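Asks: My questions concern the predicted model and sequence given below.
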Amino acid sequence: MYPSPGVVERIGADWDWIWLDGQHGQLGAYDAMLALVRACDFAGRPAMVRVPHHEFGALGLALDMGAAGVIAPVVNTVEEAKRVVAAAKFPPLGNRSYGGRRLIDLWGRAYSDTANAQTMLIVQIESPQAVENAERIAAVEGVDALFLGPDDILLRRGHSMTAPRSKALLGKDMEAVVRACRNAGKFSCCVGMGAEMFRLCVEMGFAMIVAGGDAAFLANASAATAKEARAILGGMKAASAPTAASPY
């Protein structure tokens, strides 16, 4: 979420892949995102860049940075899925524009020969409409994975963002996405933060699971350490405080 390559260098190798959030994260500038993709390369982990919209240039630019894949948000229909395929895949499968300064510098002008197979296009299923269309979206050639967005699903089904992520609320939507991906031979993705949700994602068969993020790691570790420090200080102050003289 934060534009800090140092974070990726420090903890990126703990994980199998890294989601760089250009939609809701603080990563709007091209230079910031490029630095993060390079940090993922340094850590030896694939960078999956979520772009803010389906615009042709945004998807191509993220791939031109050298990202291992792009995540397209809010894909509700087959027609939308085909449009993002056109932007993210080279001919004859799509209509991605050729260029990519970094890619040519690293791999030469023939990088496009294998790019369609070597980069992932992940589309997000984030509404009841998208869940209903999941089978058809997964079947679109060029779509490599479906990513269930639990927050938007819950919001669009009338739930508060404070509602617990659970099988009771999300199970049917999760099952629909996993089944669609299995039937089409595609990868299924979901957010599984917290032990209960992570275990549920594994049990249901998701192949790619978001288990945590920099914002939560920073906030949780900071809060826990501050609590521990204050407890130690409180104990030391109590131990060193003068005691009242005994009347006996």
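Replies: That came in fine, so what should we check first?

Asks: any chance you could map the strands in this protein?
Replies: Ranges of strands within the chain are 18-21, 47-50, 69-72, 120-125, 145-148, 187-191, 208-210, based on DSSP state E.

Asks: next one: stretch 6-23 to chain centre, how far?
Replies: 10 Å (C-alpha atoms, centre = their mean, to the nearest Å).

Asks: What is the helix or strand bottoming out on mean pLDDT in the chain packed up against?
Replies: Within the chain, no helix or strand scores below helix 214-240, which has a mean of 93 by mean pLDDT, DSSP states H and E. Helix 214-240 sits against helix 5-11, with contacts defined as 3 or more C-beta pairs under 8 Å, 6 or more residues apart in numbering; DSSP states H and E. Any C-beta I mention is one placed from the backbone N, CA and C, and that applies to glycine too.

Asks: picking up where we left off before, flag every buried residue along the least confident helix or strand of the chain.
Replies: Buried residues in helix 214-240, counted by 16 or more other C-beta atoms under 10 Å: Asp214.

Asks: Mind putting the strands of the chain into a markdown table with mean neighbour count and distance to Ala87?
Replies: Below are the strands of the chain laid out as a markdown table (neighbours: other C-beta atoms under 10 Å; distance: least, C-beta to C-beta, whole Å):
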| stretch | mean neighbour count | distance to Ala87 |
| --- | --- | --- |
| strand 18-21 | 23 | 18 |
| strand 47-50 | 25 | 13 |
| strand 69-72 | 26 | 8 |
| strand 120-125 | 26 | 9 |
| strand 145-148 | 25 | 16 |
| strand 187-191 | 25 | 19 |
| strand 208-210 | 19 | 21 |
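
Asks: Including mean pLDDT and distance to Ala239, could the ones you listed go into CSV?
Replies: Formatted as CSV, those follow (pLDDT from 0 to 100; distance: least, C-beta to C-beta, whole Å):
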stretch, mean pLDDT, distance to Ala239
strand 18-21, 98, 45
strand 47-50, 98, 50
strand 69-72, 98, 53
strand 120-125, 98, 54
strand 145-148, 98, 52
strand 187-191, 98, 45
strand 208-210, 98, 44
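
Asks: and those as a markdown table, adding distance to Gly171?
Replies: Putting those into a markdown table (distance: least, C-beta to C-beta, whole Å) gives the following:
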| stretch | distance to Gly171 |
| --- | --- |
| strand 18-21 | 23 |
| strand 47-50 | 25 |
| strand 69-72 | 23 |
| strand 120-125 | 15 |
| strand 145-148 | 11 |
| strand 187-191 | 12 |
| strand 208-210 | 16 |
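
Asks: Cool, thanks, signing off.
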